[in-house]
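J.: this one's sequence-less:
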């Protein structure tokens, strides 16, 4: 089974994906620009600006995600996983308000709330533009998703349970 979990910055993709993978005994595919930025010793937003001028960053990252997902039995927790992994069994969108996402990012990345709001707005805008330009993907069109979870007030465990339930239903 391949489960793809997507959502905007701070939606909880990785946290929820880790829980789902562990409970279902699946591998994890969570390759990200954050990892690449850390390896290059630059901040994430610098890398996003570079990627806006050089599509090879996105193309290489997304090819790696597809390659890893082809092995199957995994949870993919990336922005474009649901669009890129054609043989996904379950595609999930985590719908979280901007304010809640900013609160989560502020806590996670040790920044104040106002800085987190600006960060997610800039990141979301940059990603929307790149994905549209490079792949003709509108990440605001959720028609490919099997499940959308409004998860502002849910814990990661509650969200994971909804995904696990949907995955088990798909298997039947």
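T.: Yep, that arrived. Everything numeric in this text was worked out from a predicted model, so none of it was measured.
J.: Can you give the contact residues for the helix or strand bottoming out on mean pLDDT in the chain?
T.: Within the chain, no helix or strand scores below helix 33-40, which has a mean of 85 by mean pLDDT, DSSP states H and E. If you take CB atoms under 8 Å, 6 or more residues apart in numbering as the criterion, helix 33-40 is touched by 43, 44, 46, 47, 48, 51, 57, 61. The C-beta positions use only the backbone N, C-alpha and C, and glycine is treated the same way.
J.: buried sites along the longest helix anywhere in the chain?
T.: Ranked by number of residues, the top helix in the chain under DSSP state H is helix 113-135. Buried residues in helix 113-135, counted by 16 or more other CB atoms under 10 Å: 116, 117, 119, 120, 123, 124, 127, 128, 130, 131, 134, 135.
J.: Measure how far the very next helix or strand once past that helix is from the centre of its chain, please.
T.: Downstream of helix 113-135, the first helix or strand assigned by DSSP states H and E is strand 147-150. Relative to its parent chain, strand 147-150 has a centroid offset of 14 Å by CA atoms, centre = their mean, to the nearest Å.
J.: what's strand 147-150 packed up against?
T.: Using 3 or more CB pairs under 8 Å, 6 or more residues apart in numbering; DSSP states H and E, the elements in contact with strand 147-150 are strand 90-95, helix 156-171.
J.: Pick the most buried one from those.
T.: strand 90-95 (a mean of 23; mean count of other CB atoms under 10 Å).
J.: Pull up the pairing partners for it, direction included.
T.: According to DSSP bridges, strand 90-95 has the following sheet partners: strand 2-7 (parallel), strand 147-150 (parallel).
J.: Compute the inter-axis angle for it and helix 156-171.
T.: 150 degrees (axes from the mean of the first three to the mean of the last three CA atoms, to 10 degrees).
J.: right, and the helix or strand after strand 90-95?
T.: Next along from strand 90-95, by DSSP H and E: helix 98-109.
J.: Could you identify the least confident member of the contacts of helix 33-40?
T.: Within the contacts of helix 33-40, residue 44 has the lowest pLDDT, namely 82.
J.: what about that residue, neighbour count?
T.: By the criterion of other CB atoms under 10 Å, residue 44 has 18 neighbours.
J.: how close does residue 30 sit to residue 121?
T.: Using CB to CB, to the nearest Å, one obtains 23 Å as the distance from residue 30 to residue 121.
J.: If you drop the residues flanking it in sequence, what lies closest to residue 55?
T.: Computed as CB to CB, 6 or more residues apart in numbering, the closest residue to residue 55 that is not its neighbour in sequence is residue 134, at 4.9 Å.
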